[in-house]
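Engineer: pasting the structure only:
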């Protein structure tokens, strides 16, 4: 919170020994700005991910108990939650989503979870929908963090503005290596 949301200079203070402000390839405003920009985009994602993971058993129990009720009761309850989520999603689409790129980037950390939560809710609305999944996405999900980190720390250079080239002129061979 204090690093990104309060302009106290704490981000610069904690990162200045490691990151410079000299312009270079891929970082016209210096590495410090690139790291600040990239880490600001999703700085609440880890916290929200932990909150959702902790609440998964409660949400699962909620759905099981709700689906044990008579059809009319659980249909109305799911419809009420769905309408509320759709209303919030509509406000996101007509508000933050339509902002200019730089303004959107600055608010993404606070509103970026809205389409995700809406998708998750409607995707898991019925037991039948919850019983199907695409195995490819399941397999990718097992290593998502690792592939994300690998992308930023191994393959991308110049503050993620260019690709690591081992064999110049052979991009597909570089991909295979």
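Structural biologist: In hand now; what should we look at? Bear in mind that the values here come from a model prediction, so they are computed numbers and not experimental data. Numbers count the residues shown, from 1 in each chain.

Engineer: ranges for the strands of this structure?
Structural biologist: 156-157, 162-163 (DSSP state E).

Engineer: rank these by mean pLDDT and give me the bottom one.
Structural biologist: Mean pLDDT is lowest for strand 156-157 among the strands of the chain, at a mean of 56.

Engineer: neighbours of residue 91, just the number please.
Structural biologist: 13 (other CB atoms under 10 Å). C-betas here are computed from N, CA, C, even on glycine.

Engineer: repeat for residue 107
Structural biologist: Residues contacting residue 107 under the criterion other CB under 10 Å number 13.

Engineer: Against residue 95, how distant is it?
Structural biologist: Going from residue 107 to residue 95 by CB to CB, to the nearest Å gives 9 Å.

Engineer: What ranges does the protein have for its helices?
Structural biologist: Under the criterion DSSP state H, the chain contains helices at 10-15, 31-41, 45-67, 71-94, 101-111, 113-123, 127-130, 135-142, 144-150, 171-176.

Engineer: now these as JSON lines including mean pLDDT and distance to residue 23?
Structural biologist: Below are the helices of the chain laid out as JSON lines (pLDDT from 0 to 100; distance: least, CB to CB, whole Å):
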{"stretch": "helix 10-15", "mean pLDDT": "80", "distance to residue 23": "16"}
{"stretch": "helix 31-41", "mean pLDDT": "79", "distance to residue 23": "9"}
{"stretch": "helix 45-67", "mean pLDDT": "88", "distance to residue 23": "29"}
{"stretch": "helix 71-94", "mean pLDDT": "95", "distance to residue 23": "35"}
{"stretch": "helix 101-111", "mean pLDDT": "86", "distance to residue 23": "19"}
{"stretch": "helix 113-123", "mean pLDDT": "90", "distance to residue 23": "34"}
{"stretch": "helix 127-130", "mean pLDDT": "86", "distance to residue 23": "50"}
{"stretch": "helix 135-142", "mean pLDDT": "75", "distance to residue 23": "36"}
{"stretch": "helix 144-150", "mean pLDDT": "67", "distance to residue 23": "26"}
{"stretch": "helix 171-176", "mean pLDDT": "72", "distance to residue 23": "27"}
